[in-house]
Structures are given as structure tokens and as C-alpha cells.
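Asker: Dropping the sequence and predicted coords here.
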Amino acid sequence: MGQASIGDLLNDKAREQMKSMSKTNKNISELKPGEKPEGFYLIKSFDVKKTTNGKQYIDIELVDKTGSINAKIWDYTKDVEDIVNSSSIVKVRGEVLEWNGTKQLKVNKIRGRLPEDDIKTSELIPSAPIENEEMMSSIKGYIKKIKDGEIRLLVDTIINKYADKLFYYPAAKKNHHSYLGGLLYHMLRMLQTGEKLGQVYDFINMDYVYAGVLLHDICKILEMDADTYGVVSDYTMEGKLLGHIIQGIKEIEVEGEKIGIHREKSIILQHMVLSHHYEPEFGSPKKPMTPEAELLHFLDIIDARMFDFEHSLEGVEPGQFTDKIWLLDNRNLYKPMDDEQ
């Protein structure tokens, strides 16, 4: 056997170093400024950008089951871009920094996942805290609560049409419920909240509330292109040109005509989808004109905001503040002390 070259020895050493990374994998929620983590993460999104002096770098959002962190690859090469572009799961070695009050990861080394890597994909994929089958069963239960036969048939038809993708689709590309099964979870929590509020405001027609919740975001499935990890690579052509609100209105009109639903019922449901973002700059040219449409808007807002609060406070010790949360108007959130302390 011939003597190994220095290059071979260096490559062997590099491989051994990279193999050891899985042993030091640290959850994103646990990362602290000054640490130099090594581990597996899921790439949620990335973009090649330029600094003010024209130097290229790669901006990445890395996620695992516990959270997300913005990462930068300052030493850009085409080979590195190819790795990022072709890999959903990567091994990363870097340093945690703090920028404008927010944690950021400076990436020093990165490679794609190898077949021999001992890593559980389920540990890296952010997902809803309830099993998808259980959520879908609950959704079906709410559909059965719709008393009006035409409305119930319309909702059941549309939900069944997109059922397969509902099992993994997120509710957004970057913001609230942007993870595996997020759309289903968002719908379920809105249904649960709406049911409770319907007990207080008993003049509300709950058939429209349940239907509005189930249909208001259903066409995000057509708006976004997501993989089975719940990661959105981009918006579809129709999503960019029309958006999920217009697509949702079309869906109600087309499927409603097929089953022969009464015109007013179809128009009311279309109006609920049209107005649920409330403001023209957010995609709603009309404000809610029925109490059910008004309630739908606030159910949407409540669930989105509570999601942001819940996930921003995960991993924060009682009595401590979070970093600035951009989604919540750059607020530093506070986690109150436990009563026992």
C-alpha cells in the first residue's frame, strides 16, 4: 500500500471534523452570542445579496424544531451557493453574533447532508404541535357543525379538494405558522376561538364563521409553492399576480356554481374572504360589512399575534426580555416571573 499524501491526510482530518458536528448539534433556541455552534439545520430561505461595496454574500434563514436564526455567509463562492441551492438540510459551523439587538449566525463552513449522516429529519422540521391527522379530524368535526346544507357541502368540497396538501402546507412563507402543517393549525385555532366567541355574541351566524375560517386562507395552497417539509421556495405565478384572496374568491364562486349554492350565500362567503385583511394595502379593497366578516378578521389577527408572542417567548427565562421582534413592531417582549418565585 502506498504512503498517504498530505492532501489525503488533510481531507481525512476534515471529514472527521465534519462527522463530529452531529455530536455538538445545538438547538437554535439555545444559541447565545459568542458561541460557536456546529450542527444540522434546515434552510428555510436564502438570497444572494451585495454589500454596500458590491461584494456578494449569502443571506440565509436557518430553522430547526425550536426556532429560526438569520445567517450570513460572507465568503461567497459559486460552489457555496450551489450547496445552499441544492440542499434542504445542511451542516453548519459558525459563530453567533448580535446585530441591532438580534442574534445572527456568521457561517464559516457549510455542506449538504450526506447519506451516511446520522440525523433525524423530524428533529429539524418545525411543525404544528398537534398531529396532522388529529387536526384534520377536528376540522371535519367543525364542518359537520355547519347547519346549512349548501354551505356545509361547499366547504367540505373545497377542503377535500386540497386535503392532501393541507397535511403539510404552512400558513405563510416567513411569518405566522410558517411551518409543516401550519395552515391546518391556524385554521383549527381560529375555529376553536370563534366557537368560544360565538357563545358570547350569540347573534352571530356560526355557519358563516366556520365556513369563513376554513376558506379564508385555503388558496395559500395555490399562492405558494411548498415542499413536503412545509418550506416555501417561492410564490407561484398565480400567487404573485392574484394572491390568495382573489384566488379564494374564485374558488368559492366556481365550486359554488357547481353545487348550485344560493347566490347570496356565495357572495357573503366571498366578501368574508375579500375583507379579512381589512385594509387595501394588505389586499382587502373592502372592509367587513357583516358581523361574521368582522369577527373573521379579528380571529385571524388574534391567532397570528398569539403565535408570534408564543414562539418569541420560547426559551426565554422568566424575568427576561426577548430580542426585538420585528413582526411585533420591533418590541422587546417580557416573560413574567413564575408565581412560585
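Answerer: Received the coordinates, thanks.

Asker: Residue 121: how many residues sit nearby?
Answerer: The burial metric for residue 121, expressed as a neighbour count using other Cβ atoms under 10 Å, is 12. (Each C-beta comes from the backbone N, C-alpha and C, glycine too.)

Asker: Ok, residue 167 next?
Answerer: Using other Cβ under 10 Å, residue 167 is surrounded by 17 other residues.

Asker: residues contacting the closest residue in space to it that isn't next to it in sequence?
Answerer: Counting by Cβ to Cβ, 6 or more residues apart in numbering, residue 167 lies nearest to residue 132, which is 4.6 Å off, once chain neighbours are set aside. Contact analysis of residue 132 by Cβ atoms under 8 Å, 6 or more residues apart in numbering lists 166, 167, 168, 181, 184.

Asker: Go ahead and build a ChimeraX selection from the buried members of these.
Answerer: With 16 or more other Cβ atoms under 10 Å as the burial test, the buried ones among the contacts of residue 132 are selected in ChimeraX as follows:
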select :166,167,168,181,184
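
Asker: In a markdown table, list the contacts of residue 132 along with secondary structure and distance to residue 265.
Answerer: Converted to a markdown table, these look like this (DSSP: H, G, I helix; E, B strand; the rest coil; distance: Cβ to Cβ, whole Å):
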| residue | secondary structure | distance to residue 265 |
| --- | --- | --- |
| 166 | helix | 23 |
| 167 | coil | 28 |
| 168 | coil | 31 |
| 181 | coil | 30 |
| 184 | helix | 25 |
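
Asker: pLDDT and distance to residue 328 for the contacts of residue 132 - can I get that in a markdown table?
Answerer: Output for those, formatted as a markdown table (pLDDT from 0 to 100; distance: Cβ to Cβ, whole Å):
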| residue | pLDDT | distance to residue 328 |
| --- | --- | --- |
| 166 | 94 | 27 |
| 167 | 92 | 29 |
| 168 | 92 | 27 |
| 181 | 91 | 23 |
| 184 | 96 | 24 |
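
Asker: Can you add distance to residue 214 and give the contacts of residue 132 back as CSV?
Answerer: Below are the contacts of residue 132 laid out as CSV (distance: Cβ to Cβ, whole Å):
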residue, distance to residue 214
166, 10
167, 15
168, 18
181, 15
184, 10
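
Asker: from the contacts of residue 132, which is closest to residue 256?
Answerer: In terms of Cβ to Cβ, no member of the contacts of residue 132 lies closer to residue 256 than residue 166, at 20.0 Å.

Asker: For the residue nearest to that closest one when sequence neighbours are not counted, give its distance to residue 142.
Answerer: Once its chain neighbours are removed from consideration, residue 166 has its nearest residue in residue 184; the separation is 5.2 Å (Cβ to Cβ, 6+ apart). In this structure, residue 184 and residue 142 are separated by 12 Å, where distance is defined by Cβ to Cβ, to the nearest Å.

Asker: and what of residue 258?
Answerer: Distance from residue 258 to residue 142, by Cβ to Cβ: 22 Å.

Asker: out of those two, which sits in the busier spot?
Answerer: Neighbours were tallied for residue 258 and for residue 142 using other Cβ under 10 Å; the higher tally belongs to residue 142 (21 against 10).

Asker: part of a strand, is the more buried one?
Answerer: No. When classified by DSSP: H, G, I helix; E, B strand; the rest coil, residue 142 is found to be helix rather than part of a strand.

Asker: Show me what the helix or strand encompassing residue 255 is in contact with.
Answerer: Under DSSP states H and E, the secondary-structure element containing residue 255 is helix 243-259. Around helix 243-259, the neighbours that count as contacts under Cβ under 8 Å, 6+ apart are 150, 153-154, 157-158, 161, 215-220, 222-223, 238-239, 265-266, 269-270, 273-274, 276-277, 283-284.

Asker: For ChimeraX, write a command that selects the buried ones of those.
Answerer: This is how ChimeraX selects the buried members of the contacts of helix 243-259, with burial counted by 16+ other Cβ under 10 Å:
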select :150,153,154,158,215,216,217,218,219,220,222,223,239,265,266,269,270,273,274,276,277,284
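
Asker: Cross-reference the contacts of helix 243-259 with the helices and report the matches.
Answerer: Restricting the contacts of helix 243-259 to those inside helices, with DSSP state H as the criterion, leaves 150, 153-154, 157-158, 161, 215-216, 220, 222-223, 238-239, 265-266, 269-270, 273-274.

Asker: Would you tell me which strand is longest in the protein?
Answerer: Ranked by residue count and defined by DSSP state E, the top strand of the chain is strand 38-50.

Asker: Alpha carbons of it, in CSV - could you do that?
Answerer: C-alpha atoms of strand 38-50 as CSV (Å, rounded to 0.1, in the frame of the first residue of the first chain):
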residue,chain,number,x,y,z
GLU,A,38,-21.8,23.1,14.8
GLY,A,39,-24.8,21.2,13.6
PHE,A,40,-27.6,20.3,11.3
TYR,A,41,-30.2,22.9,10.3
LEU,A,42,-32.9,23.2,7.7
ILE,A,43,-32.6,26.0,5.1
LYS,A,44,-36.0,27.8,5.0
SER,A,45,-35.0,30.5,2.6
PHE,A,46,-31.9,32.2,1.1
ASP,A,47,-30.9,35.0,-1.1
VAL,A,48,-27.6,36.2,-2.7
LYS,A,49,-27.1,39.8,-1.9
LYS,A,50,-24.5,42.5,-2.2
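
Asker: Please identify the buried residues of that strand?
Answerer: Of the residues in strand 38-50, 38, 39, 40, 41, 42, 43, 44, 45, 46 count as buried by neighbour count, 16+ other Cβ under 10 Å.
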